[in-house]
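> Here is the input, now give the coordinates:
(chains A, B, C and D)
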There are 2 protein chains.
Amino acid sequence: MSKDRTKIFKALSDLNRLRILKMLQTKPLCVCEITEILQLATSTVSKHLSILKEESFIIEQKEGKWVNYSINPRPSDQRVSSVLNMLDFWIDDDKLIIGDKQKVTGVDRNEICSR
Amino acid sequence: MSKDRTKIFKALSDLNRLRILKMLQTKPLCVCEITEILQLATSTVSKHLSILKEESFIIEQKEGKWVNYSINPRPSDQRVSSVLNMLDFWIDDDKLIIGDKQKVTGVDRNEICSR
DNA sequence: TTTATATTTCGTCGATTGACGAAATGAAAT
DNA sequence: ATTTCATTTCGTCAATCGACGAAATATAAA
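Numbers count the residues shown, from 1 in each chain, chains lettered A, B, ... in the order given. Purely as a prediction, here's the structure:
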């Protein structure tokens, strides 16, 4: 139960974690879908998700063999909800982020996973 | 002119930099005053200030041999102003931050510096 | 129960960060 | 012009971070 005031900002200090948050704004995703879009090792993506979950930016819901992650709809920490609100209109002009969002809408977990 | 989306959050990802921002909410300070309160090497404080200035959280004004730093009253980046507004009511319950603010009000640069 | 698939945990490694002191810079006082 | 004091820049070092693959875990399918 550390009171590390910087953790919330550290969670946002990585481009791949920001990409994940922006993707989840479009719709909930499982680990393998995010892995496919970011082109990182599964273990790396899982770690990023655990950091975002630790700071309550996202929540997880198990669905069979998949774990779905989504933006936390009701964060208890006001700082978290403020930042999430900001993210709605931040970095929407970024090529990378736009590309990610397009991939998100076209993604099918049954095709992408299990290779 | 890099487009590093994470820089703004990296600037806030250090406790000493958050302490500096919270102190500057009380009043403008020079490097040696901040150094005295944080109990760090001058070069370290100078580096922290340059990072905060780089992201437009703070501005500098030269006054003789001193360099005064203060919260940027009119940030052009909306993310910066949003975060600065948030900081007004964030972490005000922290012992460390409260202690810093008390020291700030009692500090005299003519006594503290030049030793 | 065995097999397959999705995810997490663990150990390692190179890159980045934050600390320092020493040296360089800039401006005021002598 | 020289000295003094505040600040910045530079090089170094230990600690942290983000990447990976391998191994462990969990659940679904066979």
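
> Can you tell me which residues in chain A are near DNA strand D?
A:10, A:13-14, A:16, A:40-44, A:47-48, A:51, A:62, A:64-65 (CB under 7 Å from any atom of the strand). All C-beta spots, glycine's among them, are computed from the backbone N, C-alpha and C.

> List the ones among those that fall in helices.
Among those, the ones falling in helices (DSSP state H) are A:K10, A:N16, A:T42, A:S43, A:T44, A:K47, A:H48, A:I51.

> re earlier: buried ones among the residues of chain A next to DNA strand D?
Among these, those classed as buried by 16 or more other CB atoms under 10 Å in any protein chain shown are A:K10, A:S13, A:D14, A:H48, A:I51.

> between those residues, which is nearest DNA strand D?
Using CB to the nearest atom of the strand, A:D14 comes nearest to DNA strand D of those, at 3.6 Å.

> which residues does the closest one contact?
A:H48, B:T6 (CB atoms under 8 Å, 6 or more residues apart in numbering or on different chains).

> hmm, 7 Å instead?
B:T6 (CB atoms under 7 Å, 6 or more residues apart in numbering or on different chains).

> now do A:I112
A:I112 neighbours (CB under 7 Å, 6+ apart): A:C32, A:E33, A:E36.

> Which helix or which strand is home to the second one?
Secondary-structure assignment from DSSP states H and E places A:E33 in helix A:31-38.

> Relative to B:R5, which of the ones in helices among the residues of chain A next to DNA strand D is nearest.
Closest approach to B:R5 among those (CB to CB): A:N16, at 10.9 Å.

> pretty sure that closest one contacts A:Q39?
No. Judged on CB atoms under 7 Å, A:N16 makes no contact with A:Q39 at a distance of 10.0 Å.

> coming back round to it: can you tell me which of the ones in helices among the residues of chain A next to DNA strand D lies closest to B:K3?
A:N16 (15.5 Å).

> Am I right that A:S70 is in a strand?
Yes. The assignment for A:S70 by DSSP: H, G, I helix; E, B strand; the rest coil puts it in a strand.

> Now do the contacts for it.
A:L24, A:P28, A:I58, A:I59.

> Can you report how many residues lie near the second one?
The burial metric for A:P28, expressed as a neighbour count using other CB atoms under 10 Å in any protein chain shown, is 16.

> roughly how far is the worst-scoring helix or strand of chain A on mean pLDDT from the heart of the chain?
Least confident helix or strand, chain A: helix A:109-112 with a mean of 80, by mean pLDDT, DSSP states H and E. The chain centre lies 18 Å from the centre of helix A:109-112; the measure is CA atoms, centre = their mean, to the nearest Å.
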